[in-house]
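Peer 1: Build me a structure from this.
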Amino acid sequence: MACISFLDLQCLGFCYGHLPPHSRCRFDYHGGCTGSVSGSGVTPWPSLGGRISRGSHVGLRAGNELVERNFVQGFDCGFLKRELNVNPGDEKFRKVSSVVMNVASASDDVSRAVFQDVPHLSDWLSNLATYRNPLSDNPAFATVQQYFVDPEDLVARNVVVKLSSPGDGMHFRRAGPREKVYFRPEDVHSCIVTCGGLCPGLNTVIREIVCGLWHQYGVHNIIGIEGGYRGFYARNTIPLNPKVVNDIHKRGGTILGTSRGGHETSKIVDSIEDRGINQVYIIGGDGTQKGAAVIYEEVRRRGLKVAVAGIPKTIDNDIAVIDRSFGFDTAVEEAQRAINAAHTEAESVENGIGLVKLMGRYSGYIAMHATLASRDVDCCLIPEVPFYLEGEGGLYEFVEKRLRENGHIVLVVAEGAGQELLAECMDTLDAHDASGNRLLHDVGMWLSQQLKDHFVRTKKQVVNLKYIDPTYMIRAIPSNAADNVYCTLLAQSAIHGAMAGYTGFTVGPVNGRHAYIPIARVTENQNRVNIADRMWARLLSSTGQPYFMKHEQAMKAKSNDEAAEIMKNLGSNLADVTVNSRAFQNGNGLAWKQPEVAACSGLEEDRGAQ
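Peer 2: Numbers count the residues shown, from 1 in each chain. Purely as a prediction, here's the structure:
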């Protein structure tokens, strides 16, 4: 696999790298530049797609100068410095927004390396001045060697690679302070906004953004936007300084307030422009980050010098790409209290069942990790694994077995689990909240009642079931020590990125290294539990619960049973119709029994027994 470095030279591109013998490259560019690299010279970027073979002719147009060079092994960035008087380490010559390099061997096997870069203010604002980073004179960082991040540093999404293609996969720009910044501290007017639901660590992120701007960069003009996105145009602002935020990390919630919805792009950007804000820090989940992307696009369309930085927040840990979201560790730790209480209740009585509902609308990470950490849980139900109640391998059978063996059982269910079963029983509309999230049925209450009814109906016995729902207790607590440290790193990485002129990005750890990630990359899909992964296998080994892998077969069998019952009723009723029709023909009058009514009645009886 050839290694690649790609620089944007005043919105013109040039590629260099090392190619193995007999290989050829295909470069695809996603951006707005003109000029290109191809096997036959210079062509427009939109039509880029020429193949560069080893030793082929390469052309680059830099301004009015056409520079040509053979593409040979050993070609390096020294050429750029010698021929174009360009220093590849200079942030002025930024990397393009996205580069895809495909390398095909002589056998036409194709491998791929992707660099997912983030936008920069210089993409649409020319001749931006740069300034020496104030951290250069900060005594706190004087002893740190190589404190500034090299502009060539990338973070690989995949750390487990094949020996044959170690450079494949997606790469992101490494987060951290740069030698040059694009804002003078006295010119910065920054704002912070929190959106969506509560999460442990919100106040910590707010505190660290304020303290980082104030103490590291000397920025003193910082405000907080009250009440989420709506606060940009409908609420007051709160002046922020280190004294105001000094001890807020010890409290849950957010001092700025939050809300769902309220995203009116033009009003928000109008407010940003009218207030003279040039750095926007947006803390929220995937919906909030989508809103941040729209704000960035509008800022760019208007040609404003405004950096938009996202800090991903979701207690469910369902943000894609990043290792984990802040508040998750705290949520798992606090969930242990509820599980411990359920276990104590269950084992203290005869036929005791402890049922705990945890957060997890679409992803069951909290339930899975809390189960693994507890070791007291007998069965964990998550949205990624459909389960069923009746029949072989069903939940009822497993609960009965555990009660016979141990005399008690502890169940953990994520709030998004079993929604397809509830939909069969409840005739409700598919409603959504202001953030666009589907409103869920209460699977905990429903499952509690189903278990009680099952044992009364089939076993003629009463179970002692205790149901615990700690959802809002977990959301509202302060973050623990691990999350506090993590929130500090997120906040400071976001500050470094904004000061360096990057924008339209989300920050987060990728394989333990913090990186700047395009917002579109973290919002295109949700991070969900991979049930083919070893972690889920560890859970199954720990709990001994059913795999529920026969779900489709069980549902199909159930449908077949219902169909057979209907046909049985129909057959019986049709026989009655035939007999009575003959009686009518014999002059004995009409005695008609409607088969449809009987069939529906039988179906309702079956559903009631589920």
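Peer 1: Need the nearest residue in space to Gly360, chain neighbours excluded.
Peer 2: Leaving aside its sequence neighbours, Gly360 sits nearest to Ala414 (Cβ to Cβ, 6 or more residues apart in numbering; 3.3 Å). To be clear about C-beta, it is placed using only N, CA and C from the backbone, and glycine gets the same treatment.
Peer 1: Quick one: neighbours of the one you found, just the number.
Peer 2: The tally of other residues near Ala414 (other Cβ atoms under 10 Å) stands at 29.
Peer 1: Just list the residues touching it, thanks.
Peer 2: Lys357, Leu358, Met359, Gly360, Ser363, Gly364, Ile366, Ala367, Leu381, Ile382, Pro383 (Cβ atoms under 8 Å, 6 or more residues apart in numbering).
Peer 1: from these, which is closest to Asp153?
Peer 2: Ser363 (30.4 Å; Cβ to Cβ).
Peer 1: where does that closest one fall, helix, sheet strand or coil?
Peer 2: Put simply, Ser363 is coil when judged by DSSP: H, G, I helix; E, B strand; the rest coil.
Peer 1: Give me the residues contacting whatever helix or strand Ala292 lives in.
Peer 2: Assigned by DSSP states H and E, Ala292 falls within helix 286-302. When contacts are taken as Cβ under 8 Å, 6+ apart, the neighbours of helix 286-302 outside the stretch itself are 119, 123-124, 195-196, 229, 260, 263, 265-266, 268-269, 272-273, 280, 282, 284, 306, 308, 310, 312-314, 318-319, 435-437, 503-504, 506, 519-520, 522-523, 526.
Peer 1: Please apply the same query to stretch 334-352.
Peer 2: With contacts defined as Cβ under 8 Å, 6+ apart, stretch 334-352 is touched by 200, 353-356, 358, 366-367, 370-371, 373-374, 376-377, 403, 407-410, 412, 455, 461-466, 468, 470, 473-474, 477.
Peer 1: Tell me where the model's unsure across the stretch 51-200 of the chain.
Peer 2: Counting by pLDDT under 70, the low-confidence segments of the stretch 51-200 of the chain come to 51-112.
Peer 1: let's see 80
Peer 2: For the stretch 51-200 of the chain, residues meeting the criterion pLDDT under 80 lie at 51-113, 142-146, 161-168.
Peer 1: where do the strands sit along it?
Peer 2: Under the criterion DSSP state E, counting those that start in this stretch, strands of the stretch 51-200 of the chain are mapped to 51-53, 57-62, 65-70, 98-104, 110-116, 131-132, 154-156, 169-174, 180-181, 190-194.
Peer 1: got the CA coordinates for the last one in PDB?
Peer 2: Coordinates of each C-alpha in strand 190-194 appear next as PDB, following Å, rounded to 0.1, in the frame of the first residue of the first chain:
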ATOM      1  CA  SER A 190     -17.200  32.700  21.800                       C
ATOM      2  CA  CYS A 191     -20.500  31.100  22.900                       C
ATOM      3  CA  ILE A 192     -21.500  27.700  24.300                       C
ATOM      4  CA  VAL A 193     -24.900  26.000  23.900                       C
ATOM      5  CA  THR A 194     -26.200  22.700  25.300                       C
END
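Peer 1: just the angle between the helix or strand just after that strand and strand 190-194, please?
Peer 2: Moving toward the C-terminus from strand 190-194, the next helix or strand (DSSP H and E) is helix 202-211. An angle of 180 degrees separates the directions of helix 202-211 and strand 190-194 when computed by axes from the mean of the first three to the mean of the last three Cα atoms, to 10 degrees.
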